[in-house]
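S.K.: Turn this into a structure:
(one chain, ligands or ions: 1)
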Amino acid sequence: MNYVEVDLKVDSEFSEILMAELGEAGFESFVETDEGLLAYIPEGDFDENNLNEITAKYQDLTTIAATWKSLERRNWNEEWEKSYEPIEVGDQIRVRATFHEPDPAFQYDLLIQPKMSFGTGHHETTWLVMNEQLSLPHEGLSVMDVGCGTGILAILASKLGAANLLGFDIDEWAVENTRENFAMNNLSATADVFQGTITGVPAGRIFGGILANINRNILLSEIPKYVAHLSPGGWLVTSGFYETDQADIEQCAEESGLKKLRSNTRNQWATVVFEKL
Ligand SMILES: C[S@@+](CC[C@H](N)C(=O)[O-])C[C@H]1O[C@@H](n2cnc3c(N)ncnc32)[C@H](O)[C@@H]1O
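M.R.: As a prediction, the model looks like this:
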């Protein structure tokens, strides 16, 4: 899949709100620059009018200049290597790239080759899910990672004691990147990755935990399918939606046989943890 890189020259105080808006519009990854923001979207999803509508909303407050170009895959690593910084989740998890030194103060050291996949820990939703994983049981469990991106959540699951991992993503680059990241982290769990959706998971394959950082609409249509693969007492962590959509997600989950355990938010993004009754 080819991506479009949009270069937004904008005052840094608007970067966060723009990332949230662009995330809703299908942009998958962001890099903050000295002059604003680089935002990445699959070429087929890029809509110039939609981008103009988003930037026009801020014209009374600030100046936003947007230019864009189709991105060749080979440019991507160089961009990341210029700007990627390690991410810390509390005082236990640190996500870094190979070009960063490890920090022994952190119990969980996750290595990510960032590339063109969502899930470096920089996004609120990835951070929120990892933070929940710290207080969920993983020991000996089979864990499914829906929309694995870089595979970061599954990698943490393995480090927390999961015995088996199944990750999948619709994006072929994400699948390739997850495989690479699984290999780099010397996982103790057995791990499989495939390109596709929940419908590709064999019927009857049951998991003790499911990680689903996707988006509102996909969750609303797929939560009942996840529940069919969850053992009684098993947990489901959902994220990828805004606080304003949380009630819809909770209603869908409850109608599918799940009980809410807890929720959290960060910069208007939400996560909700459920348990199968
Ligand atoms: C918000 S990102 C999350 C990535 C990673 N799990 C994380 O937490 O950082 C969502 C990912 O889901 C993938 N995706 C979108 N719809 C999907 C679907 N129906 N089934 C599987 N993957 C999907 C996207 O390609 C993207 O990599």
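
S.K.: Show me the domain layout of this structure.
M.R.: 3-74, 127-276 (automatic domain parsing).

S.K.: Need those domains in a markdown table (columns: mean pLDDT, distance to the ligand and mean neighbour count).
M.R.: C-beta here means a position set from N, CA and C on the backbone, and glycine is covered the same way. Putting the domains of the chain into a markdown table (pLDDT from 0 to 100; distance: least, C-beta to the nearest ligand atom, whole Å; neighbours: other C-beta atoms under 10 Å) gives the following:
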| stretch | mean pLDDT | distance to the ligand | mean neighbour count |
| --- | --- | --- | --- |
| domain 3-74 | 86 | 6 | 16 |
| domain 127-276 | 96 | 2 | 19 |
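
S.K.: Please tabulate those domains in JSON lines and include distance to Gly121 as additional columns.
M.R.: Shown next, in JSON lines, are the domains of the chain (distance: least, C-beta to C-beta, whole Å):
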{"stretch": "domain 3-74", "distance to Gly121": "12"}
{"stretch": "domain 127-276", "distance to Gly121": "6"}
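
S.K.: which one of these lies closest to Glu101?
M.R.: Closest to Glu101 of those, according to C-beta to C-beta: domain 127-276, at 15.3 Å.

S.K.: Quick one: end-to-end distance for that closest one.
M.R.: Using C-alpha to C-alpha, to the nearest Å, the end-to-end distance of domain 127-276 comes to 23 Å.

S.K.: can you give me the offset of that domain from its chain's centre?
M.R.: From the chain centre to the centre of domain 127-276 is a distance of 10 Å (C-alpha atoms, centre = their mean, to the nearest Å).

S.K.: What strand or helix carries Met130?
M.R.: Following DSSP states H and E, one finds Met130 within helix 124-133.

S.K.: ok, now which ones touch Ser263?
M.R.: By C-beta atoms under 8 Å, 6 or more residues apart in numbering, Ser263 lies in contact with 246, 270-273.

S.K.: Show the subsequent helix or strand relative to whichever strand or helix holds it.
M.R.: Taking DSSP H and E as the criterion, Ser263 maps to strand 258-266. With elements assigned by DSSP H and E, the helix or strand that comes after strand 258-266 is strand 269-276.

S.K.: which other helices and strands contact that next one?
M.R.: Secondary-structure packing of strand 269-276 (3 or more C-beta pairs under 8 Å, 6 or more residues apart in numbering; DSSP states H and E): helix 124-133, strand 230-242, helix 246-255, strand 258-266.

S.K.: If we use 10 Å, what do you get?
M.R.: With contacts defined as 3 or more C-beta pairs under 10 Å, 6 or more residues apart in numbering; DSSP states H and E, strand 269-276 has these neighbours: helix 124-133, strand 207-213, helix 216-227, strand 230-242, helix 246-255, strand 258-266.

S.K.: What strands flank that strand, and is each parallel or antiparallel?
M.R.: Strand 269-276 pairs in its sheet with strand 230-242 (antiparallel), strand 258-266 (antiparallel), by DSSP bridges.

S.K.: mind checking which of those strands is nearest Asn213?
M.R.: Closest among the strands paired with strand 269-276, using C-beta to C-beta: strand 230-242, at 4.4 Å.

S.K.: the inter-axis angle of that closest one versus helix 124-133?
M.R.: 150 degrees (axes from the mean of the first three to the mean of the last three C-alpha atoms, to 10 degrees).

S.K.: Pipe the helices and strands packed on strand 269-276 into CSV and attach distance to Ala56 per row.
M.R.: Below are the helices and strands packed on strand 269-276 laid out as CSV (distance: least, C-beta to C-beta, whole Å):
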stretch, distance to Ala56
helix 124-133, 25
strand 207-213, 30
helix 216-227, 24
strand 230-242, 21
helix 246-255, 28
strand 258-266, 27
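
S.K.: how long is stretch 160-169 from one end to the other?
M.R.: 22 Å.

S.K.: Same check on stretch 244-263?
M.R.: 13 Å.

S.K.: Quick check: chain neighbours aside, which residue is closest to Glu24?
M.R.: Tyr242 (7.7 Å; C-beta to C-beta, 6 or more residues apart in numbering).

S.K.: Looking at the contacts of Ser263, spot the one nearest Ile155.
M.R.: Closest to Ile155, out of all of these and judged by C-beta to C-beta, is Thr271, at 18.0 Å.
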